[in-house]
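Engineer: Turn this into a structure:
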Amino acid sequence: MVKKSLFKERVQRAVRSIPKGKTFSYGEIAKMSGNPGAGRAVGTIMANNFDKTIPCHRVVKAGGKIGNYNRGGISKKIELLKKEGVEIKAGSVVKQ
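Structural biologist: As a prediction, the model looks like this:
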């Protein structure tokens with residue numbers, strides 16, 4: 001259990017470091033957190049995140065697909081990303 005919570009803390013730290021107007025994939029966050037290949041685990045952590053200091057809307061699927069958002073769904077995630085200057089076309093983030 002200790003190892004799992006350390007990974008969660010590293011994921012949260014990595015997500016907090018994403019600047020406004022940028023996005024990272026679940027896989028990129030997993031790699032930044034020291035566990036490449038744990039993209040699904042990152043997705044689970046983000047799905048269960050309700051801490052407003054962690055900008056989980058900046059984490060997207062591989063290839064830029066938006067993915068779900070536990071605080072208002074996909075439309076809310078798109079709204080937040082657009083407010084930060086992220087360009088979105090056909091449900092995906094335009095390469096930054």
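Engineer: Spell out, range by range, the helices that occur in the protein.
Structural biologist: Assigned by DSSP state H, the helices in the chain fall at 2-16, 26-32, 39-47, 73-83.
Engineer: So which of these is the most surrounded?
Structural biologist: Mean neighbours per residue, mean count of other C-beta atoms under 10 Å, is largest over the helices of the chain for helix 26-32, with a mean of 20. Yep, even glycine has a C-beta here, placed from its N, CA and C like the rest.
Engineer: sorry, back to before: can you redo the helices of the chain as JSON lines with mean pLDDT and distance to Lys65?
Structural biologist: Shown next, in JSON lines, are these (pLDDT from 0 to 100; distance: least, C-beta to C-beta, whole Å):
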{"stretch": "helix 2-16", "mean pLDDT": "88", "distance to Lys65": "17"}
{"stretch": "helix 26-32", "mean pLDDT": "97", "distance to Lys65": "10"}
{"stretch": "helix 39-47", "mean pLDDT": "96", "distance to Lys65": "12"}
{"stretch": "helix 73-83", "mean pLDDT": "96", "distance to Lys65": "10"}
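Engineer: Do you know the pLDDT at Gly91?
Structural biologist: Gly91 is assigned 89 on the pLDDT scale.
Engineer: same question, the one 5 residues further on
Structural biologist: Note on Gln96: pLDDT of 66.
Engineer: Of all the helices of the chain, which one comes closest to Lys61?
Structural biologist: Of all these, helix 26-32 sits nearest to Lys61, with 6.6 Å by C-beta to C-beta.
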